[in-house]
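*Asks:* Dropping the sequence and predicted coords here.
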Amino acid sequence: MRKALAVLALAVAAMIGTATPALAHNVLISTDPAKGTALETGPAKITLIFDAPVQGGDINQISVLGPDRSQWAEGTVAISSNVVTVPVRPLGPAGTYTVGYRILSSDGHPVTGEYTFTLTKAGNGTPATAGAATGVAGSSSGSGGGVPVWVWVIGAFVLLAIGLTLALRMGREKTR
């Protein structure tokens, strides 16, 4: 029984010791336009840069809401490794614009957030339709870099079962 507990303790220590930060959610590290910036003219696109590659899929969305809560992002959300972009229509009224995003993190979990920038001079653009930038994400190299968490959980259970089986077999006394 002592051998079984020792093997079990060793297996648990090995799993904990080899856990990596790769299972952490993506973090937004840079934006264009920058958070809180004041612009005289609207940007042609929104660019979000994360600390790890973003997975492709139709969960990836970016919205740009104007001061009157109208939608200004329009087109396909594009992913290139850790950079996510979406085209923006020429902006209209001056005021605060809110960029909201939802991306599929490299660990398989959705990550959401938002930030604002200010348009100081009114433009002559017209808003997009409400769901204009919520389509399937475009992707290029590096978009499927994450391993889903369930793979790690199943692997841990398999290792635990193997360890317990070996411990129980080694711990038996041979009878003659």
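*Replies:* Structure's in. What do you need?

*Asks:* Within the helices and strands, which one has residue 41?
*Replies:* Under DSSP states H and E, no helix or strand contains residue 41.

*Asks:* Just the CA atoms of stretch 52-67, as PDB, please.
*Replies:* Presented in PDB, the C-alpha positions along stretch 52-67 are these (Å, rounded to 0.1, in the frame of the first residue of the first chain):
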ATOM      1  CA  ALA A  52      -0.700  34.400 -27.700                       C
ATOM      2  CA  PRO A  53      -2.200  33.100 -31.000                       C
ATOM      3  CA  VAL A  54      -6.000  33.400 -31.400                       C
ATOM      4  CA  GLN A  55      -7.900  30.300 -32.600                       C
ATOM      5  CA  GLY A  56     -10.100  30.600 -35.700                       C
ATOM      6  CA  GLY A  57     -13.800  30.100 -35.500                       C
ATOM      7  CA  ASP A  58     -17.100  32.000 -35.700                       C
ATOM      8  CA  ILE A  59     -16.900  33.000 -32.000                       C
ATOM      9  CA  ASN A  60     -14.300  35.700 -33.000                       C
ATOM     10  CA  GLN A  61     -16.100  39.100 -33.100                       C
ATOM     11  CA  ILE A  62     -15.300  42.800 -33.000                       C
ATOM     12  CA  SER A  63     -17.800  45.600 -32.800                       C
ATOM     13  CA  VAL A  64     -17.300  49.300 -33.000                       C
ATOM     14  CA  LEU A  65     -20.300  51.200 -31.400                       C
ATOM     15  CA  GLY A  66     -20.600  54.900 -31.900                       C
ATOM     16  CA  PRO A  67     -21.900  57.500 -29.400                       C
END
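
*Asks:* Let me see the mean pLDDT of it.
*Replies:* For stretch 52-67, mean pLDDT is 91.

*Asks:* Figure out the length between the terminal residues of stretch 56-75.
*Replies:* 16 Å (Cα to Cα, to the nearest Å).

*Asks:* Which helix runs longest in the chain?
*Replies:* Determined from DSSP state H, the single longest helix within the chain is helix 149-171.

*Asks:* centre of the chain versus that one, how much separation?
*Replies:* Distance of helix 149-171 from the chain centroid (Cα atoms, centre = their mean, to the nearest Å) equals 30 Å.

*Asks:* in this structure, which spans are strands?
*Replies:* 28-32, 38-39, 45-50, 61-65, 78-80, 83-87, 95-104, 110-119, 138-139 (DSSP state E).
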